[in-house]
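Undergrad: show me how the following folds:
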Amino acid sequence: MNLVHKIETWGNAHHPVVIDPIRIALGAFLLFKGISFMNNTYTIHSILVNQNSIGLSDSTLMFFVYLVAFVHLTGGIMIAFGRANTYCSTRSDPNYGCSRYYVEHCTVTY
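TA: Numbers count the residues shown, from 1 in each chain. Okay, the predicted model is just below:
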């Protein structure tokens with residue numbers, strides 16, 4: 001028990017307090033974007049279908065829209081509350097990478 005108490009004391013002493021508001025703001029932003037995606041799933045789906053730049057079926061596109069919204073919702077909540085930050089951050093990274101690739105390479109210019 002004494003070793004656990006020493007480790008906990010060391011962890012509390014070396015925790016950067018400045019990062020907490022940034023972490024909470026990032027989590028709240030991801031949660032907000034997840035709610036926004038859930039409210040606009042059919043709009044996002046129709047945008048992807050109308051651009052016709054991804055050769056996937058409608059049901060597969062809808063699955064990915066819901067998947068992205070779910071990852072934003074759960075990741076945002078867990079990051080904001082400080083639970084499994086590394087795990088949630090690494091699970092959110094593919095969303096950002098794929099969306100950046102899509103914006104740069106797959107969008108149709110009018």
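
Undergrad: tell me the contacts of the residue nearest to residue 37 when sequence neighbours are not counted?
TA: Excluding the flanking residues, the one nearest residue 37 by CB to CB, 6 or more residues apart in numbering is residue 69, at 3.7 Å. For the C-beta atoms, the positions are set from N, CA and C on the backbone; glycine is no exception. Counting by CB atoms under 8 Å, 6 or more residues apart in numbering, residue 69 touches 34, 37-38, 41.

Undergrad: a markdown table for those, including neighbour count?
TA: Compiled in a markdown table, the contacts of residue 69 are given as follows (neighbours: other CB atoms under 10 Å):
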| residue | neighbour count |
| --- | --- |
| 34 | 20 |
| 37 | 19 |
| 38 | 15 |
| 41 | 14 |
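
Undergrad: so which of the residues you listed comes closest to residue 74?
TA: Nearest to residue 74 among the contacts of residue 69: residue 34, at 7.9 Å, using CB to CB.

Undergrad: which strands and helices sit next to whichever strand or helix holds the closest one?
TA: Per DSSP states H and E: residue 34 is located in helix 19-39. Helix 19-39 makes packing contacts with helix 58-81 when contacts are defined by 3 or more CB pairs under 8 Å, 6 or more residues apart in numbering; DSSP states H and E.

Undergrad: got the angle for the helix it packs on vs helix 19-39?
TA: Angle, helix 58-81 to helix 19-39, by axes from the mean of the first three to the mean of the last three CA atoms, to 10 degrees: 150 degrees.

Undergrad: can you list the buried residues in helix 58-81?
TA: Neighbour counts over helix 58-81 (16 or more other CB atoms under 10 Å) mark 61-62, 64-65, 68-69, 71-80 as buried.
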